[in-house]
Each structure stands twice: as C-alpha cells, then as structure tokens.
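*Asks:* no sequence on this one, just coordinates:
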Ligand code: NAD
Ligand code: UDP
C-alpha cells in the first residue's frame, strides 16, 4: 500500500512541486487548498491520475480527511509580501488556527507533521548568517509582523504538540525560493524583475538595492524537505542556498540573462524590509546530508523559460 500524504497549500508554488515529487515517489497525495493565492492550473496535470486527489478547503476550519495519513506537510499560507499585506488577518489565521487544525489532524491520524516556516522568523536579523539558534529581531506590530508572528506562533504550536502530545513533527525554515509556477505578479523581487526585464520595462529596485537575499532553486528545496520529513529531527532546520547577493546585483544579473535593455529605477524601501539574509545551513548539511546543487545562474536560466512562456514570449 502507498503511503498517504496531505499537503496543505498544495496548489501553490511550493506545494504543487511537493505534490509532484511525492506523487512521482509513489505516495498517495491529497492536496488541500482554498486557492486564495494558489491555482488549480499548478496541479491540473495531476487531475485524473491515480493516487492524487484535490480537496478545496480553508484549513482554518475543521479539516476532514477520510482514511489513514502518514504525513502532513502544512504549507498553506500567503507567502509573498504583497499577499500577506493584502490579507493580514487570513495570514494570521492560517498560521495560528490553520496550524492548530492541521496539528489536530496529525494527532488524530497518528501522522507525522512538517511545518513550512520561514527565514522571516529571524526578522531583520542582528546575526549573520542566520543559525537556527538565533531567536530573531521581529517587530510584532510592524506591517510584516502578521506573517512573521504567525509563523513564530506556528512553530511554538508545533513544538507544543510534539512535547505535549508526543506527535512526530518537523519545522523547516525556508529561505527565498524560486522556480516555475511563481506568479508573475506576486510582487516578489524575482518574478517582478523577470517580468519587467522581458517586457523592457524599468526594473524597480527598492531602497538603494544594498539589502541582500539568498535565493534557492525549488528542486533543491524540495529535496531538503523530503529528507527532513524522513528524519527524526524535531527542532527547526534552515533550508536555503547560502549564495548571497545584493538586490541591485541580482537585478543586473536578470538584465544580463534576459538580454534586456531595461533601466534600473529606485523606489522606496518597504517598511520593515530586512537588510540582510543568508542561511547558515551547517545543520541541514550534517543532519540531512543536504546541500543545494543548483547555483543561481543555472537556476535562473532554468526559470527564465517559464516566465517567457507566461508572457507569451516562447
Ligand atoms: P503560495 O502562495 O504559492 O502557496 C500558498 C498556498 O496556500 C496557496 O495555494 C494558497 O491558496 C494556500 N492557502 C493560503 N491560505 C489557505 C487556507 N486558509 N486554507 C487552505 N489553503 C490556503 O506560496 P509559496 O511560496 O508556495 O509558499 C508556501 C509555503 O512556504 C508558505 O507557508 C510560505 O510561508 C512558506 N515559505 C515560502 C517561501 C518561498 O520563498 N516561496 C519562503 C519561506 C516560507
Ligand atoms: N524588491 C525590489 N523590487 C521589487 C520587489 C522586491 O527591490 O520589485 C526587494 C524587496 O524590497 C526585498 C528584496 O527585493 O528587499 C526581496 O523581496 P521579496 O519580496 O522577493 O522577498 P522578501 O523581502 O520576502 O525576502
């Protein structure tokens, strides 16, 4: 019998790649999503296949799944700054109530539970690179607080279920990840820069572009999540590519890759935008024998075709 997995947020960018991976590994995959930021088009190729089902449901409400479950990956949550700033209350609810419901289901089914947490729990970090032992620098009442605090609460709730109810859990702190199925207009730097560059519009760099990020290719992330879910580690684990870049340099890389004549324009830095971000992944390396294999140049060129297709330029 196949093992059964529930992926909440499974119609989103990361969730749909996880549906693909677990399905092709032979699992019985249940994708649950309310489609608030995800889309059926991300999983359309799985419809009608054996061992795949889709349930449209808001996970902040009681979750019903028939039959046994071996693993729950809780990925439901708006994730891009534009999305969570537009949906502050849904974001807080899915991180709190939604995580509680998904953990309750894990307990009822005796299933392992893995939470998609984020590098945002470190806020605007005062430690660099960020290790899992760092507690973060988050403004709870700032506009980004709705996302950061929801995820911090979700981590606390996950550890409480583990400690109090003894259910097997894992927490993955995901750093900026990219690849196909990102929405062109989700407001994140990477799809925005690709869209602007491919349409010969100015690239909008916020602030002076000296802030840094470390971008991970989606296949590397998925591999890390699969390994974490198979491990016994219950404390948070960073997954990300430590190759750090300033946002200005990153914009230039995309101009170069797309052979675009667009100029770069500077706009105001959003409130609470972290200045630096780079994962320390020594824990994942040691524990999971995991290290990202796709460097940025390679990952970006793989992703460029997807964006060209979206813009009707292939
Ligand atoms: P996404 O917006 O593409 O996917 C999120 C999915 O969750 C969407 O399909 C959305 O419809 C669904 N969803 C939201 N609220 C829901 C609810 N109440 N009930 C059911 N479904 C709901 O975003 P993504 O980039 O794929 O992110 C997936 C997860 O990974 C999120 O939890 C996010 O916080 C986390 N994460 C992502 C990144 C990244 O770089 N992409 C980084 C850190 C953490
Ligand atoms: N950013 C930018 N121009 C854009 C969108 C984003 O310069 O059009 C900046 C943003 O201010 C941040 C960085 O790029 O400093 C990464 O932003 P993103 O939204 O991709 O991820 P996050 O801030 O959540 O790490």
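*Replies:* Cool, the structure landed. These numbers were taken from a predicted model, which means no experiment stands behind them. Numbers count the residues shown, from 1 in each chain. Ligands and ions are numbered 1, 2, ... in the order given.
*Asks:* around ligand 1, which positions in the stretch 151-300 of the chain sit nearby?
*Replies:* Neighbours of ligand 1 within the stretch 151-300 of the chain, by Cβ under 6 Å from any ligand atom: 174, 176, 177. For the C-beta atoms, the positions are set from N, CA and C on the backbone; glycine is no exception.
*Asks:* the second one reaches residue 212, doesn't it?
*Replies:* Translated: residue 176. No: between residue 176 and residue 212 no contact is recorded; they are 10.4 Å apart, counting by Cβ atoms under 8 Å.
*Asks:* which residues do those two both contact?
*Replies:* residue 277 (Cβ atoms under 8 Å, 6 or more residues apart in numbering).
*Asks:* apart from its chain neighbours, what residue comes closest to the residue in the stretch 1-150 of the chain that ligand 2 sits nearest to?
*Replies:* Of all residues in the stretch 1-150 of the chain, residue 81 sits closest to ligand 2, at 4.8 Å by Cβ to the nearest ligand atom. Once flanking residues are discounted, residue 81 sits nearest to residue 187: 6.0 Å by Cβ to Cβ, 6 or more residues apart in numbering.
*Asks:* wait, a strand at that neighbour?
*Replies:* No: assessed with DSSP: H, G, I helix; E, B strand; the rest coil, residue 187 is coil; it does not lie in a strand.
*Asks:* residues near it, how many?
*Replies:* Counted by other Cβ atoms under 10 Å, the residues lying close to residue 187 total 14.
*Asks:* again, but for the one 10 residues further on
*Replies:* The local packing count at residue 197 equals 23, with neighbours defined by other Cβ under 10 Å.
*Asks:* tell me which element it falls in.
*Replies:* Taking DSSP states H and E as the criterion, residue 197 maps to helix 189-198.
*Asks:* got the contact list for the residue of the stretch 1-150 of the chain closest to ligand 2?
*Replies:* 144, 147, 187, 188, 270.
*Asks:* relative to residue 155, how far out is the last one?
*Replies:* The one in question is residue 270. Distance, residue 270 to residue 155, using Cβ to Cβ, to the nearest Å: 24 Å.
*Asks:* for the stretch 201-314 of the chain, what are the low-confidence residue spans?
*Replies:* 314 (pLDDT under 70).
*Asks:* does residue 278 really touch residue 216, like I thought?
*Replies:* No: counting by Cβ under 8 Å, residue 278 stays clear of residue 216, with 11.3 Å between them.
*Asks:* and the gap between residue 295 and residue 174?
*Replies:* 18 Å.
*Asks:* need the residues of the stretch 201-314 of the chain near ligand 2, please.
*Replies:* Residues of the stretch 201-314 of the chain lying near ligand 2 (Cβ under 6 Å from any ligand atom): 204, 205, 206, 211, 213, 247, 269, 270, 273.
*Asks:* which of those residues are buried, as a PyMOL select command?
*Replies:* Restricted to buried positions by 16 or more other Cβ atoms under 10 Å, the PyMOL selection for those reads:
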select buried, resi 205+211+213+247+269
